[in-house]
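Enquirer: Got a sequence here, can you model it:
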Amino acid sequence: MTIQEIDGLIEEGISLKQIAQAYSDIANLKVRGIREAVLRNRSFFDEISKVYGIVRAFAIKKGIYLQKPKKRLDILLTSNYRFYGNINSALINYFIGSTRELTDVDRIIIGKGGIDFFRATKLLKNYSELQLLHDMPVASELASLSRIISQYSRVLVFHSKLKSLLNQRITFTDLTATSFYLTEFQVKRINIHFIFEPEVAKILSFFDSQILTLLLEQTFLESELSRNASRFVSMDQAQIEADKFVREYQRLKTSKKLILGNLKILENFATLMAVKKEQNVQ
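Expert: This is a model prediction of the structure:
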């Protein structure tokens with residue numbers, strides 16, 4: 001390998017480090033921008049989800065709630081973009097393990113990462129594709145998706161979730177949150193009395209049209225926060241690896257220059273000895 005080739009590799013390593021630094025800075029800004037809001041709203045949406053589940057389960061028990069035309073929908077949230085570490089692949093594997101063997105379930109794959117994977121592998125026979133303009137849906141995209149999920153009795157959204165900056169969790173969110181409370185009311189036969197104002201049917205209509213959309217939007221926010229935290233960590237690691245790469249080839253360059261210098265000295269010495277020998281012969 002020549003000095004010029006080594007210089008080229010060093011320049012590539014420096015460029016990769018600069019790119020990783022840029023991605024890291026962007027991810028850090030995004031994490032700062034949405035982390036506080038997501039964590040602040042997390043407990044609120046958990047409580048809202050519980051209330052939704054209780055109301056639906058109570059309505060079903062009392063025969064007030066009309067069953068929806070479709071049973072279950074599983075949604076996978078992946079990204080349109082790359083450089084998020086292994087979080088997308090871990091999420092896809094979790095989704096496959098959770099839903100692959102199920103027959104009575106519809107599936108929607110959201111995001112270019114998941115769509116490209118399932119097109120290439122053919123692991124799932126039946127699923128729908130939905131590629132949003134960006135990872136976070138605009139109002140019209142969110143409304144369209146909400147209309148789809150409103151047809152199902154149970155909706156599970158598979159996504160990543162921030163546990164800490166260095167630790168992301170693969171999980172799912174049951175948007176309808178009905179099964180647990182149905183078990184409480186019907187199987188365990190727990191008698192809990194509620195007073196509803198207005199009547200249950202109107203409360204359910206409000207939840208299905210408004211709260212369900214908010215719960216869905218929260219899963220997108222959780223996923224976006226987790227992905228950017230993962231990108232921040234992976235790009236930081238990429239900078240470390242780029243530094244190692246550059247230092248390794250800088251040492252190689254120094255060693256190469258030393259070897260070439262020694263060869264030049266030996267060549268000059270050999271030339272000098274040959275000249276002296278020729279002079280002695282004369």
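Enquirer: Next, Y84: secondary structure please.
Expert: Recorded secondary structure, Y84: coil (DSSP: H, G, I helix; E, B strand; the rest coil).
Enquirer: hang on, isn't it packed against F232?
Expert: No - the pair Y84 and F232 fails to qualify as a contact (C-beta atoms under 8 Å) at a distance of 9.8 Å. For glycine as for every other residue, the C-beta is placed from the backbone atoms N, C-alpha and C.
Enquirer: so A242 makes contact with E12?
Expert: No - applying C-beta under 8 Å, one finds A242 not in contact with E12, separated by 9.2 Å.
Enquirer: Name the residue in those two with the higher neighbour count.
Expert: A242 (20 against 14; other C-beta atoms under 10 Å).
Enquirer: For the helix or strand containing the more buried one, what does the pLDDT average out to?
Expert: For A242, the element it lies in under DSSP states H and E is helix 212-281. Averaging pLDDT along helix 212-281 gives 80.
Enquirer: Next: stretch 28-36.
Expert: Computed over stretch 28-36, the average pLDDT equals 80.
Enquirer: Show me what counts as buried in it.
Expert: Going by neighbour count (16 or more other C-beta atoms under 10 Å), the buried part of stretch 28-36 is N28, K30, V31, I34, R35.
Enquirer: Please apply the same query to stretch 199-206.
Expert: In terms of neighbour count (16+ other C-beta under 10 Å), stretch 199-206 has its buried residues at V200, I203, L204.
Enquirer: Between those, which sits nearest Q168?
Expert: Closest approach between the buried residues of stretch 199-206 and Q168, by C-beta to C-beta: L204, at 34.1 Å.
Enquirer: Can you give me the distance of the closest one to T176?
Expert: L204 sits 11 Å away from T176, taking C-beta to C-beta, to the nearest Å as the criterion.
Enquirer: what residues do the two have in common as contacts?
Expert: Residues within reach of L204 and of T176 at once, by C-beta atoms under 8 Å, 6 or more residues apart in numbering, are R56.
Enquirer: Double-check that L73 belongs to a strand.
Expert: Yes - assessed by three-state DSSP, L73 belongs to a strand.
Enquirer: hang on, the earlier thing: so if I had to pick from Y84 and F232, which one is more boxed in?
Expert: Shown here are Y84 and F232; by other C-beta under 10 Å, Y84 has more neighbours (26 against 23).
Enquirer: Can you report phi and psi for the more buried one?
Expert: In terms of degrees, to the nearest 10, the main-chain angles of Y84 are phi -110, psi 20.
Enquirer: Nothing else from me, thank you.
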